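Undergrad: Sequence and predicted model, in that order:
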Amino acid sequence: MKIDKLTLSFKNKIVLRDINLEIKPGEFVFFIGYSWSGKTTLIRSLIWDFKPERGDIVLDNGWFLYRNLTEKLLLDYRKDIGVIFQDYKLMESKTVHENVAFAMEVCGYKDKQIQKKVPQALEQVGLLIKKDTSVQELSGWEKQRVSIARALVHDPSIIIWDEPTGNLDPVTAGEIMEIFEDLNKSGKTVIIATHDKNIVNHMKRRVITFSEKQIISDKQEAEYNLEK
């Protein structure tokens, strides 16, 4: 995807101005920056949750996400992007299987497809054994894995995560990142916004730094550094 002169505002205040950025298929990218630097707002625009004031997002097929928007384009786009939210957004009273299945139900998948794909996604994150367990009985890291499975169930080509390891111990955070490294090796594009210096320094991937309403640094094989 290509971000073309994107300007984003919140409550009449510019958050990001004239952002130009290209993320190629199969890249692994970290967004870093201080709180309110704009990285989460950009992610919200990538998932069609925050309409830009100016500019657009050019998809790999050449279509403009906001300018050419149709109901079908939006549905196809949402199927092609797996999103993992910082607060998980799980239904606590439902089972693990029901939570992951819901992501397919709202996109119109047939029951036969759901019954096939959900166990595959849960197995991918090591939670198939918990499929009939209520989410409210899970630990924090297990809930996080459910949210990952829900993002993967469409087999998206792009995976986006906002603050993945903030509430996890280093060992569990490392296990989570191993999942994403494997997904990236399989050809998926991974975009992660994080404050976790240890993860960024360990992975040494492309690092894009946000500050003062703009991108101030874009480096390959980089470490966590909020300076230019």
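TA: Done, it's in. Being a predicted model, the structure only gives us computed values, none of them experimental. Numbers count the residues shown, from 1 in each chain.
Undergrad: What residues are bridge-paired with the residue nearest the centre of the chain?
TA: Geometric centre of the chain, nearest residue: residue 160, 1.4 Å, by CA atoms, centre = their mean. When bridges are called by DSSP bridges, residue 160 pairs up with residue 83, residue 191.
Undergrad: surely it meets residue 45?
TA: No - look at residue 160 against residue 45 with CB atoms under 8 Å: they stay out of range, at 11.0 Å. All C-beta spots, glycine's among them, are computed from the backbone N, C-alpha and C.
Undergrad: thought residue 219 was touching residue 207?
TA: Yes - assessed by CB under 8 Å, residue 219 is found in contact with residue 207 at 5.6 Å.
Undergrad: So which of those two has more stuff around it?
TA: residue 207 (22 against 12; other CB atoms under 10 Å).
Undergrad: ok, now which ones touch residue 7?
TA: 14, 16, 17, 18, 19, 52, 53, 54, 55 (CB atoms under 8 Å, 6 or more residues apart in numbering).
Undergrad: three-state assignment of the third one?
TA: Translated: residue 17. Here residue 17 is recorded as strand under DSSP: H, G, I helix; E, B strand; the rest coil.
Undergrad: Equivalent analysis for the first one, please.
TA: For residue 14, the secondary structure call by three-state DSSP comes out as strand.
Undergrad: Distance of it relative to residue 216?
TA: Distance of residue 14 to residue 216, given as CB to CB, to the nearest Å: 16 Å.
Undergrad: Over to residue 5?
TA: Residue 5 sits 17 Å away from residue 216, going by CB to CB.
Undergrad: With residue 105 instead?
TA: Relative to residue 216, and taking CB to CB, residue 105 is found at 42 Å.
Undergrad: Looking at the two, which is more packed in?
TA: residue 216 (15 against 12).
Undergrad: three-state assignment of the more buried one?
TA: Residue 216 - assigned by three-state DSSP - is strand.
Undergrad: from what I can see it touches residue 210, true?
TA: Yes - here residue 216 reaches residue 210: they are 7.1 Å apart, a contact under CB under 8 Å.
Undergrad: average pLDDT for stretch 128-140?
TA: For stretch 128-140, the mean pLDDT works out to 95.
Undergrad: And for stretch 88-95?
TA: pLDDT averaged over stretch 88-95 gives 91.
Undergrad: can you list the weak-confidence ranges in the chain?
TA: Along the chain, the parts satisfying pLDDT under 70 run over 164-168, 228.
Undergrad: For it, which segments count as strands?
TA: With strands called from DSSP state E, the chain shows them at 2-10, 13-22, 28-33, 54-58, 81-84, 158-162, 189-193, 206-211, 214-219.
Undergrad: Check which helices and strands the third one is in contact with.
TA: Counting contacts by 3 or more CB pairs under 8 Å, 6 or more residues apart in numbering; DSSP states H and E, strand 28-33 is packed against helix 39-46, helix 170-185, strand 189-193, helix 197-203, strand 206-211.
Undergrad: cutoff 10 Å now
TA: helix 39-46, strand 158-162, helix 170-185, strand 189-193, helix 197-203, strand 206-211, strand 214-219 (3 or more CB pairs under 10 Å, 6 or more residues apart in numbering; DSSP states H and E).
Undergrad: Can you tell me which of the ones you listed is most buried?
TA: The highest average neighbour count among these, using mean count of other CB atoms under 10 Å, belongs to strand 189-193 at a mean of 23.
Undergrad: mind saving the C-alpha coords of that strand as CSV?
TA: In CSV, the C-alpha atoms belonging to strand 189-193 read as follows (Å, rounded to 0.1, in the frame of the first residue of the first chain):
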residue,chain,number,x,y,z
THR,A,189,2.9,-7.9,5.6
VAL,A,190,3.2,-7.0,9.3
ILE,A,191,2.8,-3.5,10.7
ILE,A,192,3.2,-3.0,14.4
ALA,A,193,2.9,0.3,16.4
